[in-house]
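Q: One predicted model, sequence on top.
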Amino acid sequence: MVSLSDLDPQARSLLEQQTIELPSWAFGNSGTRFKVFTTAGTPRDPFEKLADAARVNAYTGAAPRVSLHIPWDRVDDFEALKVHAESLGVRIGMINSNVFQDDDYKFGSLCNPDESIRAKAIRAHLDCIDVMGATGSDSLKVWLADGINYPGQDDLRARQERLDDSLAQIYAALSRNQQMVLEYKFFEPAFYATDVPDWGTSLMHCQALGPRAKVVLDTGHHAPGTNIEFIVMQLLRAGRLGAFDFNSRFYADDDLMVGAADPFQLFRILHEIVRADALRPDSGVTFMLDQCHNLEDKIPGEIRSVMNVQEATAKALLVDREALTAAQLAGDVLAANGVLMDAYNTDVRPLLAELREEKGLAPDPLAAYLASGYQARIEAERIGGAQAGWGA
Ligand code: AOS
Ligand code: ZN
Ligand code: ZN
């Protein structure tokens with residue numbers, strides 16, 4: 001059985017310092033194109049979403065930032081929201097722009113052929129930059145639903161030119177200590193061609209913008225069988241991996257809990273992160289969750305996800321790098337693979353329990369939350385009123 005002392009001091013300190021950013025929308029009701037089931041106690045506004053996110057941080061000690069989605073999380077007074085977050089021991093993370101809800105965006109936002117709608121979408125991003133100023137956020141996160149459903153519906157190349165121009169206008173409005181991160185997704189809601197379908201397209205736009213533009217890798221946004229850790233490695237080599245949106249997919253963009261569908265893939269991704277020394281808090285890579293809890297309670301769902309990322313990270317830190325390099329250089333295929341599998345197959349849960357106890361936390365965050373009475377309290381208190389969902 002491994003314990004904390006099996007990690008070298010540097011690895012141990014990286015694990016202790018690792019933080020995972022939570023998405024505000026994970027605390028609202030969400031669903032598929034079918035029925036959106038509600039869960040009792042769901043937050044009714046962004047203030048309550050932050051209160052719930054703060055519980056995840058309180059029990060894991062590893063989730064001190066919450067990413068907002070604008071306009072879903074619009075409030076009259078963003079400074080008050082910032083103060084509220086701080087009073088709960090968390091702070092505002094990335095600001096996500098939402099230019100996929102209005103009827104105006106039927107044919108796209110930053111790529112729209114109608115100049116007045118494209119200008120509206122650019123203004124929506126400038127508004128997000130104002131929210132960043134008020135909340136102390138340093139990152140604008142852009143995911144676009146833009147694309148076309150049929151060949152010939154619009155000009156593929158002209159859409160890229162419009163995107164290029166729109167992004168440049170938005171980038172120009174960022175201050176020196178702010179950055180933009182651009183997410184890609186190979187399909188959905190557009191089915192024939194998405195305007196930012198892959199990491200290469202995102203990277204090209206980021207490189208054209210400047211050093212403060214980086215790529216977001218959402219683990220659910222790839223075709224089945226894609227080698228995601230290869231993309232992670234390549235973006236790290238280019239110094240352009242800005243953030244992860246962690247989740248699990250079985251079929252499409254399922255947004256299930258990270259580490260649920262393929263914990264081995266999560267380990268392989270974290271192995272590339274450790275290999276590139278990108279776990280350091282100042283590496284510039286944000287580890288974020290982008291998940292929806294359609295059936296399960298949201299707070300425990302987020303706690304479980306944070307724990308899954310920590311487990312994959314601890315395993316990646318346990319890889320015997322010297323033995324791995326030696327086996328690789330010797331051309332010993334089985335030994336090299338064996339080194340990785342040994343780390344992956346290690347039960348790191350006791351090690352993480354020890355780490356939490358050292359921080360003064362309960363060894364099992366999920367059990368501690370379930371025993372806390374918080375769930376029963378919010379279920380009793382938050383009866384009535386409109387519950388915040390995906391889009392509220
Ligand atoms: C959409 O598929 C993307 O993953 C985005 O990150 C999106 O903003 C998020 O899922 C909230 O809907
Ligand atoms: Zn995402
Ligand atoms: Zn997604």
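A: Ah, there it is. Ligands and ions are numbered 1, 2, ... in the order given.
Q: alpha carbons only for contacts and neighbour counts from here, please
A: Will do.
Q: Test my guess that residue 139 contacts residue 181.
A: Yes - with contacts counted by Cα atoms under 8 Å, residue 139 reaches residue 181, the gap being 7.0 Å.
Q: For residue 327, which three-state class applies?
A: At residue 327, secondary structure determined by DSSP: H, G, I helix; E, B strand; the rest coil is helix.
Q: cool, residue 216 as well?
A: Secondary structure assignment for residue 216 (three-state DSSP): strand.
Q: who touches both of residue 139 and residue 181?
A: Common contact partners of residue 139 and residue 181 (Cα atoms under 8 Å, 6 or more residues apart in numbering): none.
Q: contacting residues around residue 91?
A: For residue 91, the contact set (Cα under 8 Å, 6+ apart) comprises 64-66, 82, 85.
Q: One more: residue 249?
A: Residue 249 makes contact with 219-220, 255-256, 261 under the criterion Cα under 8 Å, 6+ apart.
Q: Filter those residues down to just the buried residues.
A: 219-220, 255-256 (16 or more other Cα atoms under 10 Å).
Q: For the helix or strand harbouring residue 169, list every residue counted as buried.
A: Taking DSSP states H and E as the definition, residue 169 sits inside helix 156-172. Using 16+ other Cα under 10 Å as the test for burial, helix 156-172 gives 156, 159-160, 162-171.
Q: for stretch 232-241, same thing?
A: 232-233, 235-236, 240-241.
Q: Check stretch 105-115 too.
A: So for stretch 105-115, counting by 16+ other Cα under 10 Å, buried means 105, 107-113.
Q: what's the answer for stretch 344-360, then?
A: 344, 348-349, 351-356.
Q: same check, this time on stretch 223-231
A: Under 16+ other Cα under 10 Å, the buried positions of stretch 223-231 are 228-229, 231.
Q: ok, residues contacting that stretch?
A: Outside of stretch 223-231, the residues within contact range by Cα under 8 Å, 6+ apart are 186, 199, 219, 222, 251, 265, 268-269, 272.
Q: Next, the contact list for the nearest residue to residue 318 once chain neighbours are set aside, please.
A: Sequence neighbours aside, residue 343 is the residue nearest to residue 318 in space, at 5.7 Å (criterion: Cα to Cα, 6 or more residues apart in numbering). The contact partners of residue 343, taken as Cα under 8 Å, 6+ apart, are 315-316, 318-320.
Q: For residue 343, give me the pLDDT.
A: Looking at residue 343, its pLDDT is 98.
Q: where's the helix or strand hosting it relative to the chain centroid, distance-wise?
A: Following DSSP H and E, the helix or strand that holds residue 343 is helix 333-344. In terms of Cα atoms, centre = their mean, to the nearest Å, the centre of helix 333-344 is set 29 Å apart from its chain centre.
Q: can you check stretch 295-314 too?
A: Counting by Cα atoms, centre = their mean, stretch 295-314 comes out at 13 Å from the chain centroid.
Q: The closest residue to residue 142 other than its chain neighbours in helix, strand or coil?
A: Of all residues not flanking residue 142 in the chain, residue 182 sits nearest, at 4.9 Å (Cα to Cα, 6+ apart). Three-state assignment for residue 182 (three-state DSSP): strand.
Q: show me what contacts residue 182?
A: Shown in contact with residue 182 (Cα under 8 Å, 6+ apart): 141-143, 202, 206, 213-216.
Q: Show me what it is bridged to.
A: With DSSP bridges as the criterion, residue 182 is bridged to residue 142, residue 215.
Q: how far away is it from residue 321?
A: 32 Å (Cα to Cα, to the nearest Å).
Q: what do you get for residue 241?
A: Distance from residue 241 to residue 321, by Cα to Cα: 23 Å.
Q: ditto for residue 57
A: For residue 57 relative to residue 321 (Cα to Cα), the value is 31 Å.
Q: who's more crowded, these two?
A: Regarding residue 57 and residue 321, a neighbour count based on other Cα atoms under 10 Å identifies residue 57 as having more, with 25 against 15.
Q: Could I get the contacting residues of that one?
A: Counted by Cα under 8 Å, 6+ apart, residue 57 has contacts 63-64, 90.
Q: For residue 240, see how far away the residue with the largest distance to the centre of the chain is.
A: Within the chain, residue 330 marks the point farthest from the mean C-alpha position, 37.8 Å out by Cα atoms, centre = their mean. Using Cα to Cα, we find residue 330 at a distance of 32 Å from residue 240.
Q: Give the burial count for residue 376, as a bare number.
A: Around residue 376 there are 12 residues (other Cα under 10 Å).
Q: still on that earlier bit, and which of the contacts of residue 57 is nearest residue 1?
A: Of all those, residue 63 has the smallest distance to residue 1: 27.0 Å, by Cα to Cα.
Q: Looks like that closest one contacts residue 23 (just checking).
A: No - using Cα under 8 Å, residue 63 makes no contact with residue 23, being 10.4 Å away.
Q: CA atoms only for stretch 350-357, dumped as CSV, please.
A: Presented in CSV, the C-alpha positions along stretch 350-357 are these (Å, rounded to 0.1, in the frame of the first residue of the first chain):
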residue,chain,number,x,y,z
PRO,A,350,-5.2,5.9,1.2
LEU,A,351,-2.4,8.3,0.1
LEU,A,352,-5.0,11.0,-0.7
ALA,A,353,-6.9,10.4,2.6
GLU,A,354,-3.6,11.0,4.4
LEU,A,355,-3.0,14.2,2.4
ARG,A,356,-6.4,15.5,3.4
GLU,A,357,-5.9,14.7,7.0
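Q: Perfect, that will be all.
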